[in-house]
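Chemist: quick one: sequence plus predicted model below, questions after.
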Amino acid sequence: MYAMNEKTLRREYFENIPSTNDYAKSKRGEKQDLLVVASAQTGGRGTKGRSFSSKVGGLYMSLLTFYEDFPTVNAFQIMQNAAAAVCETLVELGLTPTIKWPNDIYVNGKKICGILIENQFSGNCVSSSVVGIGLNVYNDLSEVSDIATSILLCTGKRVSVEETERALVGFLRTGVADKYEKYLGWIGEEVVLETATERLSARVLGVDEQGNLIAQTGGEKKTFSAVEVRFAKESL
């Protein structure tokens, strides 16, 4: 897995921006690793085009990284590194995070962070990636308090966004992809898998090297590359 070169990493900070990911993607032509951080976003989004609340008090950042000879087959390492880096950051703050495959971070049963990866390919290699991370630090979550939480709500302490950013970037730079499975949650538990056409009751077994979810359903072990994991308490 890659490790960022701190000396060549350029940083840009904004009070407000539509999307840190979109801005980072617009800078791909400059061929330089770039960290984009915003205090707030007006057009933040998650996977499948879902909107992502981005009020002041959260950490909203996108990391543009360029690679040489990074095989596409290993692309899931980028997601692993990002998710594990968030978890390592939260552990330093005294929290116990869990990854809901593939890219959501939960604490105490509620979502605290979302990750959006947008890769660019050249032949059979990843040429660059934009890793977007939205982490709830002390932002107002009153409208989604039933499903979301923050560092402040979990610890009772108001940690600065700047401190959180420094810790997170440090883990991203070091490379902690090998710790992904350590934080992967719901292993051995019953969940609901929602595909484009059906919903299945399944037991999570783990992930393979390409990042596919391995689960047992209908008495068979199957792999899923694109599926929504929902909790078993949701009705089928």
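Modeler: Yep, that arrived. Residues are numbered from 1 along each chain as shown.

Chemist: from here on, just use CA atoms for contacts and neighbour counts.
Modeler: Noted.

Chemist: three-state assignment of Ser39?
Modeler: strand (DSSP: H, G, I helix; E, B strand; the rest coil).

Chemist: what about the residue lying closest to it once chain neighbours are set aside, distance to Ser26?
Modeler: For Ser39, ignoring the flanking residues on the chain, the nearest one in space by C-alpha to C-alpha, 6 or more residues apart in numbering is Glu15 at 4.9 Å. The gap separating Glu15 from Ser26 is 18 Å, by C-alpha to C-alpha, to the nearest Å.

Chemist: following the lengthiest helix in the chain, which helix or strand comes up?
Modeler: Ranked by residue count and defined by DSSP state H, the top helix of the chain is helix 76-92. Per DSSP states H and E, helix 76-92 leads on to strand 97-100 as the next helix or strand towards the C-terminus.

Chemist: parallel or antiparallel, which strands does the helix or strand just after that next one pair with?
Modeler: Downstream of strand 97-100, the first helix or strand assigned by DSSP H and E is strand 104-107. Strand 104-107 has the following strand partners under DSSP bridges: strand 97-100 (antiparallel), strand 110-122 (antiparallel).

Chemist: which strand or helix spans the closest residue to Phe121 other than its chain neighbours?
Modeler: Spatially, and ignoring its direct neighbours in sequence, Phe121 is nearest to Ser127 (5.2 Å; C-alpha to C-alpha, 6+ apart). In this structure, Ser127 sits in strand 125-136 according to DSSP H and E.

Chemist: send the alpha carbons of that strand over as PDB?
Modeler: Extracted in PDB, the C-alpha atoms of strand 125-136 (Å, rounded to 0.1, in the frame of the first residue of the first chain):
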ATOM      1  CA  CYS A 125      -3.800   0.400 -12.800                       C
ATOM      2  CA  VAL A 126      -5.200   3.100 -10.500                       C
ATOM      3  CA  SER A 127      -3.600   6.300 -11.600                       C
ATOM      4  CA  SER A 128      -5.100   8.500  -8.900                       C
ATOM      5  CA  SER A 129      -7.700   8.500  -6.200                       C
ATOM      6  CA  VAL A 130      -9.800  11.000  -4.300                       C
ATOM      7  CA  VAL A 131     -10.600   9.900  -0.800                       C
ATOM      8  CA  GLY A 132     -13.400  11.900   0.600                       C
ATOM      9  CA  ILE A 133     -14.000  11.700   4.400                       C
ATOM     10  CA  GLY A 134     -16.800  13.300   6.400                       C
ATOM     11  CA  LEU A 135     -16.300  12.900  10.100                       C
ATOM     12  CA  ASN A 136     -18.700  14.200  12.700                       C
END
